[in-house]
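Trainee: Fold the following.
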Amino acid sequence: MLDVCLLGTAGMMPLPYRWLTSLMARYNGSSLLIDCGEGTQIAMKEKGWSAKPIDTICFTHYHADHISGLPGMLLTMGNAERTEPLTLIGPRGLNRVVGALRCIEPELPFEVICQEIEGPEETFFINGMKIEAFKVNHNVLCYGYSVSIERIGKFQVEKAQALGIEKKYWSLLQKGSTIETENGTYTPDMVLGTPRKGLKVTYVTDTRPTEGIVSHAENSDLFICEGMYGEPEKKAKAKEYKHMTFYEAATLAKKAQVKELWLTHFSPSLIRAEEFMPAVRKIFPAAYAGKDGKTAELVYEETQEVGV
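Mentor: All right, here's what the predicted structure looks like:
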């Protein structure tokens, strides 16, 4: 199970009724945050989610509305007596930007590890989550992220029995361990079926539409995508500043064959996003205007069967 929460939906600046765009995901006791603009920790408090379990913060790019909330977030974690290391992932220049922001908080009770993304794509594996970063098309270096929970195949009892593996080892093999006994060495691939469909969330903001977004978002259970403008006549403005309209985001969702689309990163001038949604749903029916605190609990398509 993967819990996701769209903490905010604003672009450029926080508003009295709309916090800056940020996504938080929780899996197996670990939390991931993507982007941390001004007021993100307040949005988190309003939702009732805690910053303490956050192990990783990913940044799409270094415009202030996506990173300026980091100093306050780090101080809050420190005040909560956190001692575990925190990993930060972002485009080239992460060490320089974080170093500048930390000049007001040089001492923290935990280690901050900066991992700069190398090249147009890079994959990270952290606490059971597969995080794929991919370059998008903004006016500064910017990345989108796909977060996946991969799922192993079913335990094949017949295979285990045919190999003469004692039942006490089945659970260990199912969990991915290699077993060495006096009768030989047994690996999980010897007793597991083909991998099953896991869970996948793709998060994209501050970009023009690209084929790379389509390929990385393909078959996502949830696609969270910027929709800076709902007004069709603002497409030229979206092109000029390298953002997207609602309709361009919906077209990407359709091409990528995602299950559900949440729009976010709204322009401050956009007051009622919902009034544009009927036209958006003509392109992609499972489209929704994001709202601060909007949450989804993603579960596997079938209940995972345990062979022991």
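Trainee: How many neighbouring residues does Asn95 have?
Mentor: Neighbourhood size, Asn95 [other Cβ atoms under 10 Å]: 13. (Each C-beta comes from the backbone N, C-alpha and C, glycine too.)
Trainee: thought it was touching Gln115?
Mentor: No - the pair Asn95 / Gln115 is not scored as a contact, 9.6 Å apart, by Cβ atoms under 8 Å.
Trainee: Just give me how far stretch 48-65 sits from the chain centre.
Mentor: On the basis of Cα atoms, centre = their mean, to the nearest Å, stretch 48-65 sits 10 Å off its chain's mean C-alpha point.
Trainee: please renumber so the chain begins at 14
Mentor: Fine by me, first position is 14 from now on; the one you just mentioned is stretch 61-78.
Trainee: Check which residues of that stretch are buried.
Mentor: By 16 or more other Cβ atoms under 10 Å, the buried positions in stretch 61-78 come out as 62, 64, 67-76, 78.
Trainee: what's across from the spatially most central residue of the chain in the sheet?
Mentor: By Cα atoms, centre = their mean, the chain has its centre lying nearest to Val160, at 4.7 Å. Following DSSP bridges, Val160 is listed with bridge partners Ile144, Val214.
Trainee: ok, it - contacts?
Mentor: Neighbouring residues of Val160 by Cβ atoms under 8 Å, 6 or more residues apart in numbering: Leu15, Ala38, Leu45, Met142, Lys143, Ile144, Glu145, Lys213, Val214, Thr215, Tyr216.
Trainee: how about JSON lines for those residues, with pLDDT, distance to Tyr301 and neighbour count added?
Mentor: As requested, these are arranged in JSON lines below (pLDDT from 0 to 100; distance: Cβ to Cβ, whole Å; neighbours: other Cβ atoms under 10 Å):
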{"residue": "Leu15", "pLDDT": "95", "distance to Tyr301": "18", "neighbour count": "24"}
{"residue": "Ala38", "pLDDT": "98", "distance to Tyr301": "18", "neighbour count": "26"}
{"residue": "Leu45", "pLDDT": "98", "distance to Tyr301": "22", "neighbour count": "26"}
{"residue": "Met142", "pLDDT": "95", "distance to Tyr301": "24", "neighbour count": "22"}
{"residue": "Lys143", "pLDDT": "96", "distance to Tyr301": "25", "neighbour count": "15"}
{"residue": "Ile144", "pLDDT": "98", "distance to Tyr301": "24", "neighbour count": "20"}
{"residue": "Glu145", "pLDDT": "98", "distance to Tyr301": "24", "neighbour count": "17"}
{"residue": "Lys213", "pLDDT": "97", "distance to Tyr301": "18", "neighbour count": "24"}
{"residue": "Val214", "pLDDT": "98", "distance to Tyr301": "14", "neighbour count": "27"}
{"residue": "Thr215", "pLDDT": "98", "distance to Tyr301": "15", "neighbour count": "27"}
{"residue": "Tyr216", "pLDDT": "98", "distance to Tyr301": "15", "neighbour count": "28"}
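Trainee: circling back: nearest to Gly85, out of the buried residues of stretch 61-78: which one, please.
Mentor: Ala64 (9.9 Å; Cβ to Cβ).
Trainee: quick one: Pro208 and Arg164 touch, right?
Mentor: Yes - counting by Cβ under 8 Å, Pro208 does reach Arg164; the two are 6.3 Å apart.
Trainee: if you count what's nearby, which of the two comes out ahead?
Mentor: A direct count of neighbours by other Cβ under 10 Å for Pro208 and Arg164 places Arg164 higher, at 14 against 11.
Trainee: any idea how far the more buried one is from Leu276?
Mentor: In this view, Arg164 and Leu276 are 28 Å apart by Cβ to Cβ, to the nearest Å.
Trainee: again, but for Ala173
Mentor: Counting by Cβ to Cβ, the gap from Ala173 to Leu276 is 47 Å.
Trainee: So for those two, which sits in the more crowded spot?
Mentor: It is Leu276, of Ala173 and Leu276, that has more neighbours when counted by other Cβ under 10 Å, with 28 against 22.
Trainee: The more buried one should be in a strand, yeah?
Mentor: Yes - secondary structure of Leu276 (DSSP: H, G, I helix; E, B strand; the rest coil): part of a strand.
Trainee: Once you drop chain neighbours, what's closest to it?
Mentor: The shortest distance from Leu276 to any non-neighbouring residue, by Cβ to Cβ, 6 or more residues apart in numbering, is to Gly240 (3.7 Å).
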